[in-house]
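In: Turn this into a model:
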Amino acid sequence: MTQIGAVFGRLRGAAVLMCIALLSTSLPAQERAPFIVERADFRLEDNMLLLDLLVDSELPNYIAIAIDQGFAVPIMFEVEIRAVKPYWFDDRVVSLKQQYLLHYQPMLNSFVVLDVNRSERHYFHSRKAAVESIEVVYNYPMLDINNLAPDKDYYARVRFGIDTDELPLPLKSSSLWDNNWDLKSEWYEWEVKSSES
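Out: Take a look at the predicted model:
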């Protein structure tokens, strides 16, 4: 009886291991987020808070195809500065959205990034170079430090992604495209000092 019990015990253990192996191979792999804010911070220069931002992007294939076919894909980052309120919702002191349009111009054989806020166009030889140009932001003016009260606690947050409010209608409605265009990074937060201390 003991030997038979031991055999069944080993078989039961093997069956459990086989089930675990089958489950682990059938579970979908964790997909990488298309937009990740790696670093964000403010620097103080002449009383002005300047944003430095670094983003890591990996565009899904259907977005890359849309860009290559000439659709202007709207990309943006949003920045907020908030005042902490202990017993209520935090106050939003300032909110800013920087908008870009990224598309391909076949006549010029170039990828174009339109800085919507400044009405400036920049031309690139590849989609990768165009995307990389908006992944790094330096010296972006946000707010005069004197507008922050010294007796309050503040934090900032930023996120980066597709600006679904400005998405072209064909990309929203066409069955040719994957409809998951609502792609944004997680909010990246950091503390904001109201003085140079």
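In: Can you give the distance from stretch 97-109 to the centre of its chain?
Out: Offset of stretch 97-109 from its chain centre (CA atoms, centre = their mean, to the nearest Å): 19 Å.
In: average pLDDT for it?
Out: Across stretch 97-109, pLDDT averages out at 95.
In: Send me it as CSV with only the CA atoms.
Out: C-alpha atoms of stretch 97-109 as CSV (Å, rounded to 0.1, in the frame of the first residue of the first chain):
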residue,chain,number,x,y,z
LYS,A,97,-0.6,70.5,-23.0
GLN,A,98,2.1,70.4,-25.6
GLN,A,99,0.8,69.0,-28.9
TYR,A,100,2.6,67.5,-31.8
LEU,A,101,1.4,66.1,-35.2
LEU,A,102,3.6,63.4,-36.6
HIS,A,103,3.2,62.3,-40.3
TYR,A,104,5.0,61.3,-43.4
GLN,A,105,5.2,63.5,-46.5
PRO,A,106,5.9,61.3,-49.6
MET,A,107,6.7,64.3,-51.9
LEU,A,108,9.6,65.2,-49.6
ASN,A,109,10.3,61.7,-48.5
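In: Sketch out the low-pLDDT regions of the chain for me.
Out: Within the chain, the stretches falling below the threshold (pLDDT under 70) are 1-30, 174-179, 195-197.
In: ranges for the helices of it?
Out: 2-26, 61-68, 127-135, 169-173 (DSSP state H).
In: tell me which strands and helices the longest strand along the chain is in contact with?
Out: Longest among the strand segments of the chain by residue count, using DSSP state E, is strand 91-105. Judged by 3 or more CB pairs under 8 Å, 6 or more residues apart in numbering; DSSP states H and E, strand 91-105 is in contact with helix 61-68, strand 73-83, strand 110-115, helix 127-135, strand 136-144. Any C-beta I mention is one placed from the backbone N, CA and C, and that applies to glycine too.
In: What distance do you get for residue 123 to residue 104?
Out: Residue 123 is 11 Å from residue 104, where distance means CB to CB, to the nearest Å.
In: Which one of these two is surrounded by more residues?
Out: Per other CB atoms under 10 Å, whichever of residue 123 and residue 104 has more neighbours is residue 104, with 20 against 13.
In: For the residue nearest to residue 99 when sequence neighbours are not counted, give me the backbone phi and psi.
Out: Closest residue to residue 99 apart from its sequence neighbours, by CB to CB, 6 or more residues apart in numbering: residue 116 at 3.9 Å. Main-chain torsions, residue 116, degrees, to the nearest 10: phi -60, psi -40.
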